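**Q** Quick one: sequence and predicted model below, then my questions.
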Amino acid sequence: MNQLELLKSKLKEEQIPFRTDHPLKAHTSFRIGGPADIFCQPETEEELKRVLELCRETGVRHYLLGNGSNTLFSDQGFRGAVVSTRSLDQAPEFQETEVSCPAGLSLNLLCRAALDRELSGLEFAYGIPGSVGGAVYMDAGAYGGEMKDVLVSVAFLDEENKIQTLPAEELELGYRTSIFQKRDWTILSARLRLKQGDPVAIKQRMDELMASRREKQPLEYPSAGSTFKRPEGAFAGALIQQCGLRGYRVGGAAISEKHCGFVVNLGGATCADVTRLCEEVAEVVQKQTGYLLEREIKIVE
């Protein structure tokens, strides 16, 4: 019995649901990606912990997937197990101005829950199509705010599958990066500190930012949000536009006509289309401007 069959057998024994040869494009905002050998979506932290233990025991490589808003899977799919945290989306727990939220909770739901309690500080995150875990992993941010501004601590599973908690100042948070990108740790939940605010002003700001996203971003097409990191001293979208690459296309992937910082799936785009487009755009921008564009989206093969 090979490693994959052994993992399947153990998951069945423990009555943990999973799917085989499951299309990953159904779980990413790009709508791109081949099948995963095994796709599992644990319902509880304990079940998640056990699935990860079984992956390690059987030697099956695994990839932890949140909301899939910053992930691009290979056209060949993923050889191993993709473990989704989407079901770890229990309601956030508020204690005065602090809130504990599970990794799988969507940022939009969290923002609306904070508004219901007249708490300010998360307005910047409204409209970011990600989960709490992904936002911590990437130190997500927009419109002058980012997760490190409100993050107090994070609970996670370490390399030995033991639950640990670290304060935000020890998480190496920076522009689109964190310690979680360097370690084999699994984010379980985050604790945030907000502040009391005027609910009318909070809602107005949230509405303003959402309106701005709809006006300026190509939300009508599948994408992974901003494709490139912001180079120091410039903006990726402006550099791409300056180089005359608005609408530049490779296969089904294209630089958005609405916002040059986005690569969009016009229909039938493949991972190969997106990666080639990114490489060609980065090459032109570097030649014409001297700036080196680095991809923000994570490609998983």
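**A** Sure thing, it's come through. Numbering: from 1, shown residues only.
**Q** what's the helix or strand for residue 72?
**A** Assignment of secondary structure by DSSP states H and E places residue 72 within strand 71-73.
**Q** what's the spacing between whatever helix or strand comes next after that strand and its chain's center?
**A** Tracing the chain C-terminally past strand 71-73 and defining elements by DSSP H and E, one meets strand 78-84 next. Computed by Cα atoms, centre = their mean, to the nearest Å, the separation of strand 78-84 from the middle of its chain amounts to 16 Å.
**Q** picking that back up, what strands line up against the strand holding residue 72, and which way round?
**A** Strand pairing for strand 71-73, determined by DSSP bridges: strand 298-300 (parallel).
**Q** What residues of stretch 94-109 count as buried?
**A** Neighbour counts using 16 or more other Cβ atoms under 10 Å place 94, 97, 99-108 of stretch 94-109 among the buried residues. Where C-beta positions appear, they are placed from N, C-alpha and C, glycine not excepted.
**Q** What is the nearest of those to residue 137?
**A** Residue 137 lies nearest to residue 103 out of those, by Cβ to Cβ, at 9.1 Å.
**Q** What's the per-residue pLDDT of the residue nearest to the closest one when sequence neighbours are not counted here?
**A** Using Cβ to Cβ, 6 or more residues apart in numbering and skipping the chain neighbours, the partner closest in space to residue 103 is residue 133 (3.1 Å). You'll see residue 133 listed with a pLDDT of 95.
**Q** got a list of what residue 133 touches?
**A** 66, 85, 88, 103-104, 187, 190 (Cβ atoms under 8 Å, 6 or more residues apart in numbering).
**Q** Put together TSV for these, with secondary structure on each row.
**A** Shown next, in TSV, are the contacts of residue 133 (DSSP: H, G, I helix; E, B strand; the rest coil):
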residue	secondary structure
66	coil
85	coil
88	coil
103	coil
104	coil
187	strand
190	strand
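**Q** which of these lies closest to residue 290?
**A** Distance to residue 290 across the contacts of residue 133 (Cβ to Cβ) is lowest for residue 66, with 34.7 Å.
**Q** What pLDDT is listed against the closest one?
**A** Looking at residue 66, its pLDDT is 89.
**Q** Please report how far it lies from residue 171.
**A** Computed with Cβ to Cβ, to the nearest Å, the distance linking residue 66 and residue 171 is 16 Å.
**Q** thinking again about what came up before, max pairwise distance over the buried residues of stretch 94-109: which two?
**A** Using Cβ to Cβ, the buried residues of stretch 94-109 span at most 23.1 Å, a distance reached by 97 and 104.
**Q** What strand or helix carries residue 211?
**A** Here residue 211 sits within helix 199-216, counting by DSSP H and E.
**Q** Give me the residues contacting that helix.
**A** Taking Cβ under 8 Å, 6+ apart as the rule, helix 199-216 contacts 111, 114-115, 118-120, 123-124, 126-127, 142-143, 219, 258-259.
**Q** Paired strands for whichever helix or strand comes after that helix, with orientation please.
**A** Of the helices and strands lying after helix 199-216 in sequence (DSSP H and E), the nearest is strand 223-226. Strand pairing for strand 223-226, using DSSP bridges, gives strand 262-265 (antiparallel).
**Q** for the strand it pairs with, what is the average pLDDT?
**A** 97.
**Q** now swap in stretch 271-290 and tell me
**A** Mean predicted lDDT for stretch 271-290 stands at 97.
**Q** next one: stretch 245-257
**A** 97.
**Q** mind checking how far it is from the chain centre?
**A** 22 Å.
**Q** And that stretch, end to end?
**A** 9 Å (Cα to Cα, to the nearest Å).
**Q** Could you do stretch 98-115 as well?
**A** OK, stretch 98-115 end separation, Cα to Cα: 13 Å.
**Q** Excluding residues flanking it in the chain, which one is nearest residue 67?
**A** residue 131 (4.1 Å).
**Q** Check whether the one you found really touches residue 86, as I assumed.
**A** Yes. If you go by Cβ atoms under 8 Å, residue 131 and residue 86 touch, sitting 7.4 Å apart.
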